[in-house]
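Q: how would this look folded up:
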Amino acid sequence: MEDGLRIGDKLRRLRMENGLTQEELANRAYLTKGFISQLERDLTSPSIATLKSILDVLGVDLAEFFQDMPSPSVVARKKARVLSSESTQECAIYFLLPRAQGRIMDPVMVWLQKGARTLEHTPHEGEEFGLVLKGSITLWFDNKPHRLNVGDCFYFKSSTRHWVENAGRGEAHLLWVVSQSRF
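A: Next up is the predicted model:
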């Protein structure tokens, strides 16, 4: 998402206000200089414990650090979508909200070529919802096929093996939302 929560500039400003180099901050927080550099450029996100360690060095508590942070954007632009590493020539999976860490839901767009299928997802925690936007698919749930066409949707707990395949004559598009990301 292009306007996600960015803490890098604020961390850099606080570090400089304390007269510390990246290396000095890293040493005092028991981290690497490279990690601090990545944080300041918003290339990675710290755990709460790691952020607390950094803020302890900078003399700022968590509540104070976040009190004037802007809220994350409620809009995600099409150009910000990211192709999943699980994608193939036949099955493209696009993260609709890149950097969706900390969210309950992870929506993706799945494009399946004729005859293609997603990977089989083994049982895991969470729930899933899908809506067929184009074409026809077969949802395999507990080794039972369920045929869905444009406008049809599915919803299930993720504790059962499942996958989707394109059962139509052309490309199929599917909006798929998972409450515990598995993509």
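
Q: Mind jotting down where the strands sit in the protein?
A: In the chain, the segments counted as strands under DSSP state E are 82-83, 91-95, 106-112, 127-134, 136-141, 144-149, 153-157, 162-166, 172-178.

Q: In a markdown table: these, plus distance to L20.
A: (C-beta placed from N, C-alpha, C; glycine too.) Below are these laid out as a markdown table (distance: least, CB to CB, whole Å):
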| stretch | distance to L20 |
| --- | --- |
| strand 82-83 | 33 |
| strand 91-95 | 35 |
| strand 106-112 | 36 |
| strand 127-134 | 45 |
| strand 136-141 | 54 |
| strand 144-149 | 56 |
| strand 153-157 | 48 |
| strand 162-166 | 50 |
| strand 172-178 | 41 |
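
Q: need the contact list for the nearest residue to R103 once chain neighbours are set aside.
A: Spatial nearest neighbour of R103, chain neighbours left out: L97 (7.0 Å); criterion: CB to CB, 6 or more residues apart in numbering. Contacts here follow CB atoms under 8 Å, 6 or more residues apart in numbering; on that basis L97 touches M1, A76, R103, D106, P107.

Q: Serialize the strands of the chain to TSV and add fields for mean pLDDT, distance to L14 and mean neighbour count.
A: TSV is the format used below for the strands of the chain (pLDDT from 0 to 100; distance: least, CB to CB, whole Å; neighbours: other CB atoms under 10 Å):
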stretch	mean pLDDT	distance to L14	mean neighbour count
strand 82-83	86	29	12
strand 91-95	92	31	19
strand 106-112	94	31	21
strand 127-134	96	39	18
strand 136-141	96	49	20
strand 144-149	97	51	13
strand 153-157	95	43	14
strand 162-166	96	46	21
strand 172-178	95	36	20
